[in-house]
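Visitor: everything below, folded, please.
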Amino acid sequence: MKRILYLTLVSCALSGLVSACTSGDTSDVTDTRTGPSRSYTMDEFMKTISVGGNSFSHDETRLLVSSNETGVYQVYELDLATNRRRAITTGEETTWAVAYMPQDDRILFRRDKDGSENNHLFLRTPDGMVRDLTTGGNTREEFAGFNTDLKTFFTQNNQRDPRFLDLFQWDVATLARTMVYENTEGLDPFEISPDGRWLVLSRSNTSNDTDLFVVDLDGGGSVPLLISEHEGQAGYVPQAVSPDGRFLYYSTNDGGEFLALKRYEFATGEHGDIHASDWDVVFCYFSLSGRYRVIGTNEDGYTRVNITRDEEPFTIHGLPEGTVSGIAFSHSEKFMKLYVSSDTMPRNIFLYDLETGEARQLTDTLNPQIARADLVAGEVARFEARDGLTIPGPLFKPIGAGPDNRVPVMLWVHGGPGGQSGAGYRAEMQYLVNNGYGLFAVNNRGSSGYGKSFMAADDRRHGREPLWDCVDAKEYLKTLDWVDPDRIGIMGGSYGGYMVLAALAFEPEEFACGVDIFGVANWLLTLQSIPPYWESYRQALYSEIGHPVEDEAFLRATSPVFHGDRITRPLLILQGANDPRVLRRESDDMVEAIRAGGGTVDYIVFEDEGHGFRKSANRVRGFNAVRDFLDEHLGETAGD
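Guide: Prediction:
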C-alpha cells in the first residue's frame with residue numbers, strides 16, 4: 001500500500017500500551033511560562049542518542065543494537081547486566097544491526113554506500129573478521145528472518161534481475177545458500193511457513209489495492225494461488241505466519257474503511273476474523289513458540305498494542321508514561337525487549353522479565369544538557385477543509401506563545417504520499433519549537449491511518465486537493481490566538497518537499513517561505529528513474545501519480561520544475577547527492593528554473609547522503625541552515 005517515496009519527517013510510534021491525544025483547538029492549553037528555560041542548539045539536540053535493536057544473543061545476556069552516539073549509526077552489543085555498550089563496527093558508513101546468529105556470537109549487519117540503498121548483508125565472526133555475504137556491487141539484499149527451527153535464515157536479493165527480489169534460504173551453520181523462489185512475476189515475497197511448505201507473496205495492483213498469494217513449495221507448484229479475491233479497491237497486507245505453520249495472519253480493509261486482522265488456514269483455504277476496530281490494524285506478530293501474540297492498531301497516529309499470552313490478555317507493568325514500541329522476545333521467552341518514548345522523551349530500551357514481571361531501563365538517551373520540561377508535546381488538531389473533509393495533524397505550540405506573543409508557524413508535511421505524522425520524539429521538530437517556531441504536522445488527504453477513502457482521496461490529484469488542504473491548514477492556523485497570521489511557512493521532505501514546491505509555484509501568495517528537503521520537482525523524471533527494485537510498485541505508482549507517457553500533460557502541469565518562474569517567495573532546498581528516489585538532478589533543475597525566472601533560492605547538497613539524512617553532522621548542518629533561513633524570513637525582524 002502507498003510505499004511511493006515514503007519518508008515521514010515526524011516519527012510515528014510503532015506501538016503503544018497507553019496513549020492519549022486530544023483534538024480540536026489547542027489554544028486553550030494552559031502554560032504560564034513565558035518561554036523555555038533556555039534555547040538549545042541543534043548540536044545539543046543531536047547529542048541525544050538514537051538507539052534501537054531487536055536481537056538477543058544466544059545466551060540472552062546481550063542485545064544487538066544500532067546507535068548514532070558517534071554521529072554515524074554503528075552496531076553495538078548492549079550488556080543486559082551492566083547496560084554498557086561495546087562497539088562492533090566503526091567507520092563513516094551508516095551501519096545497521098540485523099541479528100545475532102541463534103547458537104553463537106556471529107553477528108549479521110547491513111550497510112550501503114552513502115545512502116545508495118543498495119544494502120549489503122555482512123557477517124562478523126567473534127574474532128572480528130567481516131565477510132560480505134552479498135555479491136555484486138549494485139545488488140540489494142534484505143534480511144527476511146530466521147526459520148522457527150533457528151537452523152536457517154532467509155534473504156531477498158535482486159542480483160539475478162535488478163527489478164525483482166528472489167528469495168534465498170541460508171544454512172546458519174555452513175552459510176550454504178539455496179534459492180527458494182525465483183521471482184519472475186514481480187511479486188513481493190513475504191514469508192515461508194516453518195515447515196517450508198507454504199510461501200506467502202503479495203502484489204500491488206494500485207496504491208490502494210493489493211493481493212495475497214500462496215505457493216505450495218512441497219507440492220511442486222510454482223504458480224502462485226490468489227487467496228484475496230475481491231471486488232473494487234481493497235488492501236490485503238500480510239502480517240505473520242503462525243509459529244505452528246497453520247495460519248497466515250493478514251490485514252484487510254475489504255468491506256470496510258479500516259484494516260481488520262484476519263487469518264487464512266493453509267490446509268483448508270478458510271478465512272477467519274481475529275481483531276477489528278475503528279482504526280487500522282497495522283501489525284501482528286508472535287514470539288518464537290507462539291505463546292505471545294502482539295497486535296498493533298494505529299489510533300490517530302498513536303499506535304496501541306494488544307498483547308496476549310496463551311490467548312489471554314497480558315499487561316506490562318512498571319513502565320514510565322509514554323508510548324511502548326518495538327516489542328521483541330528472547331528465544332526462551334524469558335525476556336521481552338521494548339521501547340518507551342513520547343514527543344518529549346526520546347526512545348529508550350527497556351528489558352521486561354516475563355517470569356518476574358520486573359521492568360528495567362537499559363538506556364538513557366536524552367542529552368543531559370536538555371531539560372525535558374523545555375520540550376513540547378504535540379496535540380492532535382482538526383480543521384474542516386474547503387470541501388468539508390476533516391483534516392487532522394499534531395500541532396506543536398512553543399512555550400510562552402500566546403495572544404501577547406504571537407509566533408511564526410511552519411506547516412510540516414510528511415512524506416509518502418501515504419505517510420502519516422503522529423506521535424514520537426524528533427530532534428529537528430523540538431529544535432524549531434524550542435527556538436520559537438510553532439509546527440503543524442498536517443495529515444492532508446492521502447495520508448494513511450484514517451480509512452481507505454481518505455487515503456485514496458489524493459490519487460491523481462497531486463498539486464491540487466492535497467495542496468489545498470495545506471492552504472486551508474494555514475487558514476485554520478490564522479484563527480489561533482497565538483499564531484502570527486503573517487508569518488506562516490511550509491516545509492517537508494520527499495513527497496512533503498514536493499508539497500512545498502507545489503505550494504510556492506501553484507499558490508504563490510499563500511505561504512511566507514518554504515523549506516524543501518529532497519522533494520520531487522519533476523514527476524516525469526521521478527517516474528522514469530524509479531529504482532529498479534521498485535518494479536513491483538510501478539503500476540501502483542502510475543495509478544497514484546499518473547503515467548509518464550499517457551498523462552504527460554497533467555504531470556507537466558503539476559511538476560513545479562516547469563513553473564519555476566512563479567516561485568517568488570524565499571525557498572531553501574536541501575538535497576542528498578546520492579538520492580536514488582529523488583535524483584539530485586531534480587533539485588538542480590528546480591534551482592536553475594527559479595533563478596532563471598528571477599527568483600532566489602538557497603541550495604545545499606550533501607555529498608554523502610541519499611534519501612534521508614542519516615549522519616548527525618549533516619542533520620546539524622542542515623537544520624542550522626533551516627533555522628537561519630527561518631530567522632531571516634519569518635523572524636521578528638524579517639523584512640526590515
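Visitor: CA atoms for contacts and neighbours, from now on please.
Guide: Will do.
Visitor: let's see the longest helix anywhere in the chain as PDB, backbone CA atoms only.
Guide: Taking DSSP state H as the assignment, the helix of the chain that covers the most residues is helix 616-634. Backbone C-alpha positions of helix 616-634 (Å, rounded to 0.1, in the frame of the first residue of the first chain) are rendered in PDB as follows:
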ATOM      1  CA  SER A 616      24.400  13.700  12.800                       C
ATOM      2  CA  ALA A 617      26.800  16.200  11.400                       C
ATOM      3  CA  ASN A 618      24.700  16.600   8.300                       C
ATOM      4  CA  ARG A 619      21.500  16.900  10.300                       C
ATOM      5  CA  VAL A 620      23.100  19.600  12.400                       C
ATOM      6  CA  ARG A 621      24.300  21.400   9.300                       C
ATOM      7  CA  GLY A 622      21.000  21.100   7.500                       C
ATOM      8  CA  PHE A 623      18.800  22.300  10.400                       C
ATOM      9  CA  ASN A 624      21.200  25.100  11.300                       C
ATOM     10  CA  ALA A 625      20.600  26.300   7.800                       C
ATOM     11  CA  VAL A 626      16.900  25.900   8.200                       C
ATOM     12  CA  ARG A 627      16.900  27.900  11.400                       C
ATOM     13  CA  ASP A 628      19.000  30.700   9.900                       C
ATOM     14  CA  PHE A 629      16.700  30.700   6.900                       C
ATOM     15  CA  LEU A 630      13.500  31.000   9.000                       C
ATOM     16  CA  ASP A 631      15.100  33.600  11.300                       C
ATOM     17  CA  GLU A 632      15.700  35.700   8.200                       C
ATOM     18  CA  HIS A 633      12.300  35.300   6.600                       C
ATOM     19  CA  LEU A 634       9.900  34.600   9.500                       C
END
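Visitor: so what does that helix touch, helix or strand wise?
Guide: Packed against helix 616-634 by the contact rule (3 or more CA pairs under 8 Å, 6 or more residues apart in numbering; DSSP states H and E) you find helix 42-46, strand 483-493, strand 571-576.
Visitor: so which of the ones you listed gets nearest residue 292?
Guide: In terms of CA to CA, the element of the helices and strands packed on helix 616-634 nearest to residue 292 is helix 42-46, at 36.0 Å.
Visitor: who are the neighbours of the next helix or strand after that closest one, in terms of helices and strands?
Guide: Remark: after helix 42-46, the chain's next helix or strand is strand 51-56, criterion DSSP states H and E. Applying 3+ CA pairs under 8 Å, 6+ apart, one finds that strand 51-56 makes contact with strand 62-67, strand 95-100, strand 323-329, strand 345-353.
Visitor: least confident secondary structure element in this structure?
Guide: The weakest-scoring helix or strand in the chain, judged by mean pLDDT, DSSP states H and E, is helix 538-544 (a mean of 87).
Visitor: wait, residue 168 touches residue 175, no?
Guide: No: with contact defined as CA atoms under 8 Å, residue 168 does not count as touching residue 175 (11.2 Å).
Visitor: out of everything not next to it in sequence, what's closest to residue 382?
Guide: The shortest distance from residue 382 to any non-neighbouring residue, by CA to CA, 6 or more residues apart in numbering, is to residue 392 (4.3 Å).
Visitor: let me see the ranges of the helices in the stretch 301-450 of the chain.
Guide: Using DSSP state H, counting those that start in this stretch, the helices found in the stretch 301-450 of the chain span residues 427-434.
Visitor: how about the strands in the stretch 101-250 of the chain?
Guide: Listed in chain order, the strands of the stretch 101-250 of the chain (DSSP state E, counting those that start in this stretch) span 107-111, 120-124, 130-132, 141-146, 152-157, 166-171, 177-181, 188-192, 198-206, 209-216, 225-226, 236-241, 247-252.
Visitor: since that was my last question, I'll sign off now.
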